[in-house]
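Participant: Structure for the following, please:
(chains A, B, C and D)
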Protein chains: 2
Amino acid sequence: MDRRQRKTREAIFNAFSEMLSNKSYSRITVQEIIDKADVGRTTFYSHFPTKDDLLREMCSELFEHVFSDAPEAEQTHDFSMTSGSSKEIVTHILYHLKEHGRRMSILLTCESGELFQRYFKQYFNNLVMIHILNPGKHKTTVVPEDFLIAHISASFVNIVQWWLENNMEQSPELLAEYFEAVTGPIV
Amino acid sequence: MDRRQRKTREAIFNAFSEMLSNKSYSRITVQEIIDKADVGRTTFYSHFPTKDDLLREMCSELFEHVFSDAPEAEQTHDFSMTSGSSKEIVTHILYHLKEHGRRMSILLTCESGELFQRYFKQYFNNLVMIHILNPGKHKTTVVPEDFLIAHISASFVNIVQWWLENNMEQSPELLAEYFEAVTGPIV
DNA sequence: TTCTTAATCAAACACTTTGTTCTGTAAATA
DNA sequence: TATTTACAGAACAAAGTGTTTGATTAAGAA
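Facilitator: You can find the predicted model right below:
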């Protein structure tokens, strides 16, 4: 990728995420973004066809960092999941979230963050299926499995939102305990 | 309220909610709304200063119907909440939701429905505090109470969304059981 | 270094959307 | 009936969108 492209891309990302903390997504105009990022109008549209694409790509890039080196099931010693190891994974992700705290915070709490939340749940769904839910274990449960997955993902997004609203005062370990406290009895 | 006002208001509500099933909120223009509702431009703006106000007022009106005659704590015989009575309340609300299914479905699943979801949780938070959470009972729990309330509300919204995505095939009673299954062990 | 490619910029463009303001008309209520 | 009050229609400025043009300028390869 061309150095100029990277530079432009980053400038737009920075300008955009900064603006999201002050203004709602829908009220931010392309004009304002290119003014703050100091790039030409043509340049912006050559990078991102629409404003939605800009948000989408910014989310993707962020998630790749957050979920990238989450411990894989193959790498753990025991194949049968214990609550301890799924807690580890949650803690791990929460640490990554804290690293990218500012931008995450902006995206998760900003008005019109529903697109972001959708992507977030989507990414987390895989982890829930692989790591947290023990496949085959819950066949006999009263609730359908797809509902259970959706419930746990939504609970995770919710806990992160609550965390961000409290300025991330609690430690990732404590958060993971909260998460286990409300989802543990189910899985 | 003037008969003409009511008529105009309803016409706009109907046009708007119909359009939300086809188009995303952000892409719907005032021009399209007034064309479909067949009202003048001036009229629209005299009713709703912005498009956001339109959505907000439509939500409020809907919620008042859904949450209106939910059984009050004062009307129940026992003041100490049992899981049975909270289940009753949930079932009751779900029945109301099913009545208004079409419009609820549109609002909860449409893109840019985050405002709606926020209002929904807001309304439900009160019920959680009064009916579902037994005040004083959870002081010793490991999780903070405000987190618990947020978690339960989010779980309820989530269950309703899942329900709508499945075309409301399940009965309200079964849904209430699911809800109890995932939140019951906590409260 | 030099050459070639590709990204950027500035300006202007047609177009859509927004929200306001005007005046005349029709319907509600007292 | 008389008097409010809501509505319609049209025109309006202001702002935003997405595209086109041609000229610069920087990057990467020879």
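
Participant: make it CA atoms for all contacts and neighbour counts henceforth
Facilitator: Fine.

Participant: Can you mark which positions in stretch A:1-20 are buried?
Facilitator: Neighbour-count burial for stretch A:1-20, counted by 16 or more other CA atoms under 10 Å in any protein chain shown, picks out A:Thr8, A:Arg9, A:Ala11, A:Ile12, A:Phe13, A:Asn14, A:Ala15, A:Phe16, A:Ser17, A:Glu18, A:Met19, A:Leu20.

Participant: Among those residues, show me the least confident.
Facilitator: Ranked by pLDDT, the buried residues of stretch A:1-20 bottom out at A:Leu20, which has 86.

Participant: Report whether the expected contact of it with A:Ser105 is present.
Facilitator: No. Checked against CA atoms under 8 Å, the pair A:Leu20 and A:Ser105 is beyond contact range at 10.1 Å.

Participant: What is the nearest of the buried residues of stretch A:1-20 to chain B?
Facilitator: A:Leu20 (15.6 Å; CA to the nearest CA).

Participant: how close does that closest one get to B:Val182?
Facilitator: In this view, A:Leu20 and B:Val182 are 34 Å apart by CA to CA, to the nearest Å.

Participant: again, but for A:Arg102
Facilitator: Relative to B:Val182, and taking CA to CA, A:Arg102 is found at 32 Å.

Participant: now swap in A:Asn126 and tell me
Facilitator: Distance, A:Asn126 to B:Val182, using CA to CA: 20 Å.

Participant: And the two? Which one has more around it.
Facilitator: Legend: neighbour count by other CA atoms under 10 Å in any protein chain shown for A:Asn126 and B:Val182, higher for B:Val182 (22 against 13).

Participant: so what's the residue lying closest to the more buried one once chain neighbours are set aside up against?
Facilitator: Take B:Val182 and drop its neighbours on the chain: the residue closest to it by CA to CA, 6 or more residues apart in numbering or on different chains is A:Ile186, 6.1 Å away. By CA atoms under 8 Å, 6 or more residues apart in numbering or on different chains, the contact list for A:Ile186 reads B:Ala181, B:Val182, B:Pro185.

Participant: As TSV, those residues with distance to DNA strand D would be great.
Facilitator: Listed next are those as TSV, based on distance: CA to the nearest atom of the strand, whole Å:
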residue	distance to DNA strand D
B:Ala181	45
B:Val182	42
B:Pro185	48
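
Participant: ok, so of these, who is nearest DNA strand C?
Facilitator: Of all these, B:Val182 has the smallest distance to DNA strand C: 41.3 Å, by CA to the nearest atom of the strand.

Participant: which other residues reach the one helix or strand that closest one maps to?
Facilitator: Using DSSP states H and E, B:Val182 falls within helix B:172-183. By CA under 8 Å, 6+ apart, the surrounding residues in contact with helix B:172-183 are A:142-143, A:182-183, A:186, B:87, B:90-92, B:94-95, B:152, B:155-156, B:159, B:163.

Participant: do the same with stretch A:40-54
Facilitator: Against stretch A:40-54 from outside (CA under 8 Å, 6+ apart): A:Arg9, A:Phe13, A:Val30, A:Gln31, A:Ile34.

Participant: residue ranges of the helices in chain A, please?
Facilitator: Counting by DSSP state H, one finds helices in chain A at the ranges A:3-20, A:30-37, A:41-47, A:51-67, A:83-99, A:101-109, A:114-127, A:145-165, A:172-183.

Participant: To DNA strand C, which of the ones you listed lies closest?
Facilitator: That would be helix A:3-20 among the helices of chain A, by CA to the nearest atom of the strand, at 3.6 Å.

Participant: do the closest one and DNA strand C meet?
Facilitator: Yes. Under the criterion of CA under 7 Å from any atom of the strand, DNA strand C is reached by helix A:3-20 at A:Arg4, A:Gln5, A:Arg6, A:Lys7, A:Thr8, A:Arg9.

Participant: Would you reformat the residues you listed as a markdown table and include distance to B:Ser171?
Facilitator: Output for the residues of helix A:3-20 next to DNA strand C, formatted as a markdown table (distance: CA to CA, whole Å):
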| residue | distance to B:Ser171 |
| --- | --- |
| A:Arg4 | 57 |
| A:Gln5 | 54 |
| A:Arg6 | 53 |
| A:Lys7 | 55 |
| A:Thr8 | 53 |
| A:Arg9 | 49 |
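
Participant: Go back to those and keep what's next to DNA strand D.
Facilitator: Applying CA under 7 Å from any atom of the strand to the residues of helix A:3-20 next to DNA strand C, those adjacent to DNA strand D are A:Arg4.

Participant: That concludes my questions; thank you for your assistance.
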